[in-house]
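**Q** predicted model, plus sequence, below.
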2 protein chains.
Amino acid sequence: MAHKTVVTIADVAQRAGVSRTSVSRYLNGNLDNLSPGTATRIADAVRDLDYRPNAWARSLKTRHSGLIAAVVADLRNEHILAVLDGIEMAVNSQGYSLLISNAQNRLDYEEKTIERLIQQRVEGVILQPCDDRQSSAVQSLKREDIRVVLMDRSLDVVPAFDTVLLDNQDAVDQAMYHIIQQGYRQVLYVTDPPEHVTSRRERETAIKKQHHSTLNVSIFVRESSDASQFVQALQQWMAMSLKERGVIICANVATTLFTVAVLDQLHIQVPTDVGLLAIDDPPWARYVLGGITSIAQPTLDLGRIAAERLMGRIQDSHSNPGQVLRLSGRLIERRSTQHPHSL
Amino acid sequence: MAHKTVVTIADVAQRAGVSRTSVSRYLNGNLDNLSPGTATRIADAVRDLDYRPNAWARSLKTRHSGLIAAVVADLRNEHILAVLDGIEMAVNSQGYSLLISNAQNRLDYEEKTIERLIQQRVEGVILQPCDDRQSSAVQSLKREDIRVVLMDRSLDVVPAFDTVLLDNQDAVDQAMYHIIQQGYRQVLYVTDPPEHVTSRRERETAIKKQHHSTLNVSIFVRESSDASQFVQALQQWMAMSLKERGVIICANVATTLFTVAVLDQLHIQVPTDVGLLAIDDPPWARYVLGGITSIAQPTLDLGRIAAERLMGRIQDSHSNPGQVLRLSGRLIERRSTQHPHSL
DNA sequence: ATGAAAGCGCTAACAG
DNA sequence: CTGTTAGCGCTTTCAT
């Protein structure tokens, strides 16, 4: 097949018997300065030639690429899917296109991918940082004057980025309140390493606050995907909480699945032997173990709002950035926290 | 903040005291034609000025945007996550960036989004068609000479697109073989409407083939997300399969979740009252109902291979396209198909 | 209402 | 080894 020869604005102009300027005006909806006749002739030419404007050429002039990027910490995390959906909807409805990249929880990947995005001249970046230590890439974004909205997690050091995330404090409070209501005494909090991830730190901090003198909280940090350490910790904790009404709280979807697997392996019954509560509510939570009580996140909104914020900033750069928006979670009560002793 | 003035190749050239050409050569790794001294001075200038090449300007000249797009039928489908991950890895490792858009199962959205992608001058599109009827957008892609790889589903009418998908025939055969082994007699196949989705049609066709004269197959098509129709159909089917060893086969993740919900609602026990087998193996399948037997798809590979194919075509356009690659699924046997009668 | 001309930032002959 | 020159396809003053 012969190499396709690209149709340009000049071809359209020629065919319509007008100047490129007029065609350009037509394409950009500048119909004030066009006689109806010209407009029609241009429209015809565009259709006949099956012409499509070249976004790069336009961008070069207008400095408006129509590109927005989402950089996620870990694309395999089920939780992120609804968030991305929300972002995609918002972004597309405003005529932008969405670039997605996965940092795979590695700061160096995150930096590399952001560097590429800068060269692609994205107009804005929605970032779920995989590490709260300030990466050089984030500095670059600032220097290049590219808008950034932080999503799901924030960065400690960098000031003045808009941020949209779950109200972790409130989510944990809701969980704890429910737990106490159900008459539990012992809590085992299962989390991924909280060191450099703000959402995990916030949740852990909230957990550690003494909500009620009746509650005794232990924490297990999942350092590896190998279950043996957890098995040991769990058995130890169970031994002491057996007659004390124990409940496990999982910090996210991954630890929930991990915990369910171990409970299954050890033939520990929920809620008979132990209670279970998850932060975040994947679609299957209703059906595992007869229903897992959870704190549902407004994931779709999280994405949608982050994207809208970002596009707002792009269009109007003259307002104070650095706003933090915390969305509330919602307790969904299911069977996994119906402690039998509570009758 | 003053509007940031962009650093161009001219600035670098001036600072290094060389021509733009030399800088361009340096940036593109054309070091053969550069004296070490010049190269160093350029390198310094680039660093000092924190210069980043403008991808659009480059693309305009080279006709190489570095953009690849994935258009998925429904982003909310959990199944697609691993596929996207595979695509993202492959794409990024070759230095491309990935655009993602969601057709929301609507042909008109699919067309609109593809139209936008064409204008963004993507070099290739990985398409999971939401409908096998040939959309005009697909025609446009062909006319614009943009490479396309079909993923997960194919298009009936359009010839000559590379395609990567599950070997549906084989997947169903594996399922049926297992079912027969377990001594089941009655099968209820639950599927989403198969009309315009090739993968669903392929699976349904494979199901309908009489695998064994001992098997009696019924089919339920889920026309709406409302469960009442299914409840009725299920009870009717159960009545007749009670003493006959019945098993439900779900065509995908969505119908599996749907079915699990209804079984739960009706207090039907698995595998005591009925067996269950799912095509596709989401992470939670192990833990629901004590483990759901499933046919796992090589989702990550599906994405990775589709992306590699596409990039191969982009780099070397002179080979026969239209190759169809079918990847095999793998049976994972769990508790949900251990029919108690089979002892 | 319309067009001529000057770029946007980069690359690629071609000539030295 | 290096630089000059001419665009890539589009937008945008500024005239007319």
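**A** Looks like it came in fine.

**Q** which residue ranges of the stretch 151-300 of chain A form strands?
**A** For the stretch 151-300 of chain A, the strands defined by DSSP state E, counting those that start in this stretch cover A:162-166, A:186-191, A:216-221, A:246-250, A:275-279, A:293-296.

**Q** contacts for the fourth one, please.
**A** What that stands for is strand A:246-250. A:175, A:179, A:182, A:184-191, A:207, A:237-238, A:256, A:258-259, A:274-279, A:337, A:339 (Cβ atoms under 8 Å, 6 or more residues apart in numbering or on different chains). (Glycine included, C-beta is placed from N, CA and C.)

**Q** redo the strands of the stretch 151-300 of chain A as CSV? Include mean pLDDT.
**A** Formatted as CSV, those follow (pLDDT from 0 to 100):
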stretch, mean pLDDT
strand A:162-166, 96
strand A:186-191, 96
strand A:216-221, 95
strand A:246-250, 96
strand A:275-279, 97
strand A:293-296, 98
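
**Q** how about those strands, which one is nearest A:Ser199?
**A** Evaluated over the strands of the stretch 151-300 of chain A, closeness to A:Ser199 peaks at strand A:162-166, with 6.6 Å, by Cβ to Cβ.

**Q** what sits against A:Lys112?
**A** Residues in contact with A:Lys112 (Cβ under 8 Å, 6+ apart) are A:Ala137.

**Q** is it in a helix, a strand, or coil?
**A** Of the three states, A:Lys112 takes helix under DSSP: H, G, I helix; E, B strand; the rest coil.

**Q** isn't A:Val274 up against A:Leu266?
**A** No - look at A:Val274 against A:Leu266 with Cβ atoms under 8 Å: they stay out of range, at 10.2 Å.

**Q** the helices in the stretch 201-343 of chain A, which residues?
**A** A:228-241, A:253-265, A:299-315 (DSSP state H, counting those that start in this stretch).

**Q** quick one: closest of those helices to chain B.
**A** Among the helices of the stretch 201-343 of chain A, helix A:253-265 comes nearest to chain B, with 4.9 Å by Cβ to the nearest Cβ.

**Q** name the helices or strands packed onto the closest one?
**A** When contacts are defined as 3 or more Cβ pairs under 8 Å, 6 or more residues apart in numbering or on different chains; DSSP states H and E, helix A:253-265 sits against strand A:186-191, helix A:228-241, strand A:246-250, strand A:275-279.

**Q** between the ones you listed, which one is nearest to A:Tyr51?
**A** strand A:275-279 (51.9 Å).

**Q** which residues does A:Asp301 contact?
**A** So A:Asp301 contacts A:Gly86, A:Leu327 (Cβ under 8 Å, 6+ apart).

**Q** ok, A:Pro193 next?
**A** A:Arg200, A:Val221, A:Arg222, A:Glu223.

**Q** one more: A:Glu115?
**A** Taking Cβ under 8 Å, 6+ apart as the contact definition, A:Glu115 lies against A:Ala137, A:Ser140, B:Arg52.

**Q** quick one: what helix or strand has the second one in it?
**A** Remark: A:Ser140 resides in helix A:136-143, with elements defined by DSSP states H and E.

**Q** who does that helix touch, helix- and strand-wise?
**A** Counting by 3+ Cβ pairs under 8 Å, 6+ apart, the packing neighbours recorded for helix A:136-143 are helix A:107-119, strand A:147-151.

**Q** deepest in the core, which of those is it.
**A** Most buried of those by mean neighbour count (mean count of other Cβ atoms under 10 Å in any protein chain shown) is strand A:147-151; its value is a mean of 26.

**Q** relative to strand A:162-166, how tilted is it?
**A** Counting by axes from the mean of the first three to the mean of the last three Cα atoms, to 10 degrees, strand A:147-151 points 10 degrees away from the direction of strand A:162-166.

**Q** which parts of the worst-scoring helix or strand of chain A on mean pLDDT are buried?
**A** Counting by mean pLDDT, DSSP states H and E, chain A has its least confident helix or strand at helix A:136-143, which shows a mean of 89. Buried residues in helix A:136-143, counted by 16 or more other Cβ atoms under 10 Å in any protein chain shown: A:Ala137, A:Val138, A:Ser140, A:Leu141.
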